[in-house]
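**Q** Just a sequence and a predicted model for now, questions to come.
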Amino acid sequence: MLSNKNTVYKYLLIAVGVIAIDQIVKMLVYNYMVKGPSGEIHIFGEFFKLHYLTNKGMAFGLEFSWLKNSKLALTLLRLVAVGGIVYYLSWLVKKNASSGLLWCMALILGGAIGNVVDSTFYGVLLDNAPSNAPYAWFHGQVIDMFYIDIWEGCLDIPFIGRKCMALWPVFNVADASIFIGITFILIFQKRYFGQSEDEETTDDKVGVSNLETKND
C-alpha cells in the first residue's frame, strides 16, 4: 500500500511541475509582452513565434459559443475533469499500469489544472475577465503564447461567409502538455492497455495452475 501511495505522489509531483512551468511562463508573458501582433517575438522566423493573447475557450482556443454563460460552464467542466483525472490516475496506479501511461496521465492532469487556474482566478487576480462576464471569478481568460504560423488568412465559406482564421491556433504549456499526453496514449495504446490485460491473463493462468496442482 505504501508503494502505491508513493507512486501516486510521484506522478502528482510531475503534474505539479507542469503547473509550475505553465504558470511561470504565463506570468512572464503577462508582465513582459505586449498583446497582439505588435508584441510578437520571432523565434524561428515567421514559422514559430511568441504571440501574447487571451482566450475564454478551451485548449487551442476552442469554446462552447452556442451555450449560454459558456465560460462558467467550461470552467466547471474543467474542475470536474480534473477530479476525474485524479481518480483515474490513482486507479491506474493501484492496477500497476504502465509507467508510460501514468506519465501521460500526469501530463494531462498538469495541463488541465494549469488552465483551470487561469479560468478560476485570472479574472480577479489579473482582471482579464471578458467585459460581458457577470462576475470575475470562474471567468478568467487563459493566457496563450506559442504560435506555429503554418498559414493565416481569410476564406469565403459557402453558407457561412467570410471567415478569418489561422491553420494552427496559439497555445500554451498546459495545452501542449495535454496534447503530448493524449498523443502518446493514442500511439502506444496497445502497449499501455495491453500490458495490464497480459498481466491479468498471466495471473489467471498461474491461479489455474496452482489450483490444478492442489487437486492433483
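**A** Received, thanks.
**Q** Only the buried residues of the longest helix along the chain, if you could.
**A** As assigned by DSSP state H, the longest helix anywhere in the chain is helix 2-32. Neighbour-count burial for helix 2-32 flags 7-8, 11-12, 14-15, 18-19, 22-23, 25-26, 29-30 (criterion: 16 or more other CB atoms under 10 Å). In this view, the C-beta of every residue, glycine as well, is placed from N, C-alpha and C.
**Q** Does anything pack onto the helix or strand that comes right after that helix? Which helices or strands?
**A** The element immediately downstream of helix 2-32 (helix or strand, assigned by DSSP states H and E) is strand 41-44. Using 3 or more CB pairs under 8 Å, 6 or more residues apart in numbering; DSSP states H and E as the contact criterion, the elements in contact with strand 41-44 are strand 48-55.
**Q** Pull the residues that contact the strand it packs on.
**A** By CB atoms under 8 Å, 6 or more residues apart in numbering, the list of residues contacting strand 48-55 from outside reads 29-30, 33-37, 39-43, 61, 63, 128, 141-149, 170.
**Q** and with 7 Å instead?
**A** 29, 33-36, 39-43, 61, 128, 141-149, 170 (CB atoms under 7 Å, 6 or more residues apart in numbering).
**Q** how about it: buried residues?
**A** When burial is assessed from 16+ other CB under 10 Å, strand 48-55 yields the following buried residues: 49-55.
**Q** repeat for stretch 162-182
**A** Buried residues in stretch 162-182, defined by neighbour count with 16+ other CB under 10 Å: 169-181.
**Q** Need the worst-confidence member of these.
**A** By predicted confidence (pLDDT), the lowest-ranked of those is Pro169, with 78.
**Q** Now do the SS call for Arg191.
**A** Using DSSP: H, G, I helix; E, B strand; the rest coil, the structure places Arg191 in helix.
**Q** any idea how far Thr54 is from it?
**A** Applying CB to CB, to the nearest Å, the value for Arg191 to Thr54 is 38 Å.
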